[in-house]
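>>> No letters, just coordinates:
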């Protein structure tokens, strides 16, 4: 139970932080939602590096979260369907490799 609470606090605080930061660049609800999605993805990807004894990397889940976040960001920017799918795939690939690159962030 304690691990779950820690995970929710870490992911939630990063999502809130990036959501508020996005409000300064895009001052509307879409900016907050997109920043929160990206913050949740980065928080989930970085969770194993906060405490590697409790959490193991999950590249499939990171790929799904990143794909959804990138597709949602592209859709909020009124992109056409091909561009949304393309950015969803790019995000999914970046998410699959998150356990490799997140330790350098």
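Received, thanks. Given the structure is predicted, the values throughout are model-derived calculations rather than measurements.
>>> Give the buried residues for stretch 89-105.
Within stretch 89-105, the residues scored as buried using 16 or more other CB atoms under 10 Å are 91, 92, 94, 95, 96, 98, 99, 102. Placement of C-beta: from N, CA and C, glycine included.
>>> residues in contact with the fourth one?
Neighbour list for residue 95: 41, 45, 59, 62, 63, 64, 65, 66, 67 [criterion: CB atoms under 8 Å, 6 or more residues apart in numbering].
>>> From residue 98, how far out is the fifth one?
Same thing as residue 63. Going from residue 63 to residue 98 by CB to CB, to the nearest Å gives 8 Å.
>>> can you tell me the helix or strand for residue 15?
Element membership for residue 15, per DSSP states H and E: helix 2-25.
>>> low-scoring stretches of the protein, by residue?
1-4, 8, 22-26 (pLDDT under 70).
>>> State the phi and psi torsions of the residue lying closest to residue 37 once chain neighbours are set aside.
In this structure, residue 37 finds its nearest non-sequential neighbour in residue 69, 4.1 Å apart by CB to CB, 6 or more residues apart in numbering. The phi/psi pair for residue 69 (degrees, to the nearest 10) reads phi -60, psi -50.
>>> Tally up the residues packed near residue 69, please.
Using other CB atoms under 10 Å, residue 69 is surrounded by 26 other residues.
>>> Centre-most residue in this protein?
In the chain, the centroid-proximal residue (CA atoms, centre = their mean) is residue 41; its distance is 2.0 Å.
>>> and that one, what is it in contact with?
Residue 41 neighbours (CB under 8 Å, 6+ apart): 62, 65, 66, 69, 95.
>>> Mind listing what's buried along whichever strand or helix holds it?
For residue 41, the element it lies in under DSSP H and E is helix 29-50. With burial defined by 16+ other CB under 10 Å, the residues of helix 29-50 counted as buried are 31-48.
>>> Then stretch 50-63?
Neighbour counts over stretch 50-63 (16+ other CB under 10 Å) mark 55, 57, 58, 62, 63 as buried.
>>> any idea which of those residues is the one closest to residue 27?
residue 62 (29.0 Å; CB to CB).
>>> That closest one and residue 43 touch, don't they?
No. Using CB atoms under 8 Å, residue 62 is not in contact with residue 43, being 10.6 Å away.
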